[in-house]
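Undergrad: Below are the sequence and a predicted model for it; my questions follow.
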Amino acid sequence: MFLLLLTALVCGEPHVQPSTAGLSPELRALLLEEMKLLEQSVNRIPGLLARGALHPVAVEAHRMQDSFVLKQKLNDAQRAELHEKLPAGFIERDQRFHALAGRLHDAALAGDAELSAVFFGRLVESCIGCHADYAGKRFAALKTEAETSHHH
Ligand code: HEC
């Protein structure tokens, strides 16, 4: 309570952190739909890697790479909304995530189990990084400075 008061005093005005909260319900629903698909793949991959089932890993990675529901299902207005409401940093994180999914796919397809595990680790780090910056409300344990910092 005291902290809240203090924050209010120091900041003077409430600051609005760019987040998915500002998206239209339709667009946010698409994003959450994508997230659920990503989670399914991320849950499957460790067991597949452990068994050396690299082809199925490549299939899951490809699914994630393509998963951008947003890419496939967005109409022009929604695409514009996405770029308007989400900061460039979000788009960059998303691009990095998709690039890593691509590298995981390639490593798995090439039959390199060790490299696949490395890229899988980086991929999960990229989930964490984006959630830390843009979904701190949902995943409070991940919250970073980026989300708590103030814009004056
Ligand atoms: C570019 C940013 C970004 C990346 C990368 C990202 N997420 Fe998310 N994710 C979000 C945001 C933002 C939310 C919160 C959306 C909201 O609640 O409005 C979210 C929410 C979720 C949710 C909750 C969905 C629900 O039903 O409410 C899950 C599960 C999830 N992400 C899984 C993942 C996994 C697994 C990965 C990595 C493979 C990942 N995400 C990568 C931005 C990202």
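TA: That came in fine, so what should we check first? Numbering: from 1, shown residues only.
Undergrad: Residue 106 in helix, strand or coil?
TA: Classification of residue 106 using DSSP: H, G, I helix; E, B strand; the rest coil returns helix.
Undergrad: Run a quick check on residue 94 versus residue 130, I expect a contact.
TA: Yes: if you go by Cβ atoms under 8 Å, residue 94 and residue 130 touch, sitting 7.2 Å apart. (C-beta placed from N, C-alpha, C; glycine too.)
Undergrad: Is the closest residue to residue 67 other than its chain neighbours within a helix or a strand, and which one?
TA: In this structure, residue 67 finds its nearest non-sequential neighbour in residue 37, 5.1 Å apart by Cβ to Cβ, 6 or more residues apart in numbering. Using DSSP states H and E, the element containing residue 37 is helix 25-50.
Undergrad: Tell me the helices and strands packed up against that helix.
TA: Other helices and strands packing on helix 25-50, by 3 or more Cβ pairs under 8 Å, 6 or more residues apart in numbering; DSSP states H and E, are helix 54-66, helix 69-73, helix 76-85, helix 113-134.
Undergrad: What parts of the chain come near the ligand?
TA: Neighbours of the ligand within the chain, by Cβ under 6 Å from any ligand atom: 20, 28, 31-32, 35-36, 38-39, 42, 90, 93-94, 97, 123, 126-127, 130-131, 134-135, 138.
Undergrad: hmm, 8 Å instead?
TA: Contact residues (Cβ under 8 Å from any ligand atom) of the chain with the ligand: 19-21, 23, 28, 31-32, 34-36, 38-39, 41-42, 64, 90-91, 93-94, 96-97, 101, 123-124, 126-127, 129-131, 133-135, 137-139.
Undergrad: Report how many residues lie close to residue 24.
TA: Using other Cβ atoms under 10 Å, residue 24 is surrounded by 12 other residues.
Undergrad: My guess is it contacts residue 82. True?
TA: No: checked against Cβ under 8 Å, the pair residue 24 and residue 82 is beyond contact range at 10.0 Å.
Undergrad: what residue ranges in the protein score low on pLDDT?
TA: Across the chain, the ranges flagged by pLDDT under 70 are 1-19, 68-72, 145-152.
Undergrad: which SS state does residue 52 fall under?
TA: Classified using three-state DSSP, residue 52 is coil.
Undergrad: can you pull the contacts of it?
TA: Residues in contact with residue 52 (Cβ atoms under 8 Å, 6 or more residues apart in numbering) are residue 113.
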